[in-house]
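Participant: Below are the sequence and a predicted model for it; my questions follow.
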Amino acid sequence: MNILVLDTIHGGKEIARHLLSNGYAVDTVDVYRGEGSITVDEASTRTYDLVTAPVHLDPDQPLMHLSGKYQTHHQIIRFCLGEARPRLTVEVTGARGKTTIAHALASILTGRGILLSSIGITEYPSRENIGKKSITPASTIQAANDAVASDGWLVAEESIGVSGMGDLGILTSGDDYLCAGGKKSALAVKKEMLVFCNHILAAPGIDWHDRRVIHAEDIVSCEGTTCTWSYNGQEGSFENPLMVLPAYQNAMQTAAAAACLLGYSPDGLRDFTALPGRLQVHRHDSQVIIDDANSGTSKSTVPEAVRYGRLIHPNVPLVLVIGAEAENICEGFSLADIKYVIDSTCPDSVILVGSIYPNDAASYLLHPSVVQVSSLAQGERYAKTLFKTAVIVLAVKTWR
């Protein structure tokens, strides 16, 4: 079988490597830079039995139509794995909350397992990070093979969809944006893929009317810092102070519901702690640092981080380090969204991070104190010099 793999930037090289090891003839094309094993022009003259491309590629890309058979990078995962599947697989996707939910669920699963998240590949129960990987579909192949090798479970966080091999598929958010050259709804794409999982769980508040979809709020309810669950004749409750934060309450409720569906007690979530970049709190002398710098940082998460910081350390100056360090994140952080955050949170000082913004961005933001730097690390260092006592909120969209 001759296979054409498009988009080597977003995992195409890894997919091609696995296909080659399975004995297939494979060509790769980088549709953005014209690189790969062959050029765009060469590929257009050849015949293929199968073309595979990421879901976010423009559907009008001519190379996608060189074969009558097409699979997304998500779908090709099952093709690459063949019959080798983990004994339990949970796939997690959504515009926000993926990493926290995946880590929360993995923290209460028993025995050996593999967690794929934006932090990388983590082995359980040791919780040792065994590889730095992104959450492109291709990364799920290695994570699944690692889980099979240890006869363990797999919890996989995936970007813009799932492979459909999951015993349970989780949709973490109902937020939507356009992808594939602005021609597709990312939320619709995710839902289309999730229906191939054996069971589907939707996080609280998601509007999805399908008889196959289980809604987390039908199993778990939260009030204050208390989470109460009831499923299949079993019930219980646990407390966690993180649930004072809406994002963590949502994640805890979803992870608890997932645990119930998988036959586990969710009560172990009482010990779950904040993740780096997900509202983790640090102290630096008399400064409090709220870390909300991750790939899901957005105009909806930053006000929550600001509120949390002011709750912990009230009546002191607040420095907002905000922007986008990574240009290859599907949902960006526009200046309009940043201006909305600034106007709604009223920080004392603003540090704008990212080379993607124009030099005159400060004038657009209409804040009396805006400084531009190129990286999150630079922004954090500079923020620490501004006030001896302060709250510093790190709200930079970046891979971590």
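Facilitator: Good, I have the coordinates.
Participant: got a list of what Gly354 touches?
Facilitator: Applying C-beta atoms under 8 Å, 6 or more residues apart in numbering to Gly354 gives the contacts Gly323, Ala324, Glu325, Phe333, Ser374, Val396. Quick note: C-beta positions are derived from backbone N, CA and C, even for glycine.
Participant: now the second one, which residues is it bridged with?
Facilitator: To tie it back to what came earlier, the one meant is Ala324. Bridge pairing for Ala324 (DSSP bridges) gives the partners Lys397.
Participant: Hmm, it is touching Val396, no?
Facilitator: Yes. Ala324 lies in contact with Val396 (C-beta atoms under 8 Å); the separation is 6.7 Å.
Participant: With neighbour numbers in mind, choose between the two.
Facilitator: Val396 (29 against 25; other C-beta atoms under 10 Å).
Participant: Identify the residues contacting that one.
Facilitator: Contacts of Val396 by C-beta under 8 Å, 6+ apart are Ala293, Thr297, Val321, Ile322, Gly323, Ala324, Glu325, Val353, Gly354, Leu376, Gly379.
Participant: State whether the last one is indeed within a helix.
Facilitator: Just to be clear, that refers to Gly379. Yes. Assessed by DSSP: H, G, I helix; E, B strand; the rest coil, Gly379 belongs to a helix.
Participant: was I right about it contacting Val321?
Facilitator: Yes. In this structure Gly379 lies within contact range of Val321 using C-beta under 8 Å: 4.1 Å.
Participant: domain ranges for this structure?
Facilitator: 2-79, 84-271, 280-397 (automatic domain parsing).
Participant: now these as JSON lines including mean pLDDT?
Facilitator: Shown next, in JSON lines, are the domains of the chain (pLDDT from 0 to 100):
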{"stretch": "domain 2-79", "mean pLDDT": "91"}
{"stretch": "domain 84-271", "mean pLDDT": "96"}
{"stretch": "domain 280-397", "mean pLDDT": "91"}
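Participant: just to revisit the earlier point, give the residues shared as contacts by Ala324 and Val396.
Facilitator: Any residue near both Ala324 and Val396 by C-beta under 8 Å, 6+ apart counts here, and that gives Val353, Gly354.
Participant: show me where the stretch 151-300 of the chain has strands.
Facilitator: All strands of the stretch 151-300 of the chain, identified by DSSP state E, counting those that start in this stretch, fall at 153-157, 168-171, 178-179, 184-185, 199-202, 213-215, 220-223, 226-231, 234-239, 280-284, 287-291.
Participant: want to throw those strands into TSV with mean neighbour count and distance to Met193?
Facilitator: Shown next, in TSV, are the strands of the stretch 151-300 of the chain (neighbours: other C-beta atoms under 10 Å; distance: least, C-beta to C-beta, whole Å):
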stretch	mean neighbour count	distance to Met193
strand 153-157	28	13
strand 168-171	27	8
strand 178-179	18	13
strand 184-185	16	12
strand 199-202	23	10
strand 213-215	18	13
strand 220-223	18	24
strand 226-231	18	25
strand 234-239	14	30
strand 280-284	13	31
strand 287-291	23	31
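Participant: For Tyr364, find the nearest of those strands.
Facilitator: Closest of the strands of the stretch 151-300 of the chain to Tyr364 is strand 178-179, at 23.1 Å (criterion: C-beta to C-beta).
Participant: chain center to the closest one: distance?
Facilitator: Centroid separation for strand 178-179 versus its chain: 16 Å, with C-alpha atoms, centre = their mean, to the nearest Å.
Participant: Check the separation of the first and last residues in stretch 235-254.
Facilitator: 16 Å (C-alpha to C-alpha, to the nearest Å).
Participant: Pull out the buried positions in it.
Facilitator: By 16 or more other C-beta atoms under 10 Å, the buried positions in stretch 235-254 come out as 237-238, 240, 242-243, 245, 247-254.
Participant: next one: that stretch to chain centre, how far?
Facilitator: So, by C-alpha atoms, centre = their mean, the centroid of stretch 235-254 is 19 Å from its chain's centroid.
Participant: neighbouring contacts of it?
Facilitator: Contacts for stretch 235-254 (C-beta under 8 Å, 6+ apart): 96-97, 100-101, 104, 170, 172, 201, 203-205, 216-217, 220-222, 224-229, 256, 265-274, 278-279, 301, 304, 308.
Participant: let's see 6 Å
Facilitator: Residues outside stretch 235-254 that contact it (C-beta atoms under 6 Å, 6 or more residues apart in numbering) are 97, 100-101, 104, 203-204, 216, 220, 222, 225-229, 267, 269-270.
Participant: where does Gln75 land in three-state SS?
Facilitator: Per three-state DSSP, Gln75 ends up helix.
Participant: which ones are touching it?
Facilitator: Per C-beta under 6 Å, 6+ apart, neighbours of Gln75: none.
Participant: For the residue minimising distance to the centre of the chain, give its distance to Leu115.
Facilitator: When C-alpha atoms, centre = their mean is applied to the chain, the residue found nearest the centroid is Lys98 (4.7 Å). Distance of Lys98 to Leu115, computed by C-beta to C-beta, to the nearest Å: 12 Å.
Participant: what distance separates stretch 18-29 from the middle of the whole chain?
Facilitator: That offset, for stretch 18-29, works out to 28 Å (C-alpha atoms, centre = their mean).
Participant: and if you look at stretch 75-93?
Facilitator: On C-alpha atoms, centre = their mean, the centre of stretch 75-93 falls 18 Å from that of its chain.
Participant: Any buried residues in that stretch, and which?
Facilitator: 75-81, 86, 88-93.
Participant: I'd like those residues as TSV, with secondary structure appended.
Facilitator: Below are the buried residues of stretch 75-93 laid out as TSV (three-state DSSP):
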residue	secondary structure
Gln75	helix
Ile76	helix
Ile77	helix
Arg78	helix
Phe79	helix
Cys80	helix
Leu81	helix
Pro86	coil
Leu88	strand
Thr89	strand
Val90	strand
Glu91	strand
Val92	strand
Thr93	strand
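Participant: need those residues in TSV with distance to Lys191, can you?
Facilitator: Shown next, in TSV, are these (distance: C-beta to C-beta, whole Å):
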residue	distance to Lys191
Gln75	15
Ile76	20
Ile77	18
Arg78	18
Phe79	22
Cys80	24
Leu81	23
Pro86	23
Leu88	23
Thr89	19
Val90	17
Glu91	13
Val92	14
Thr93	10
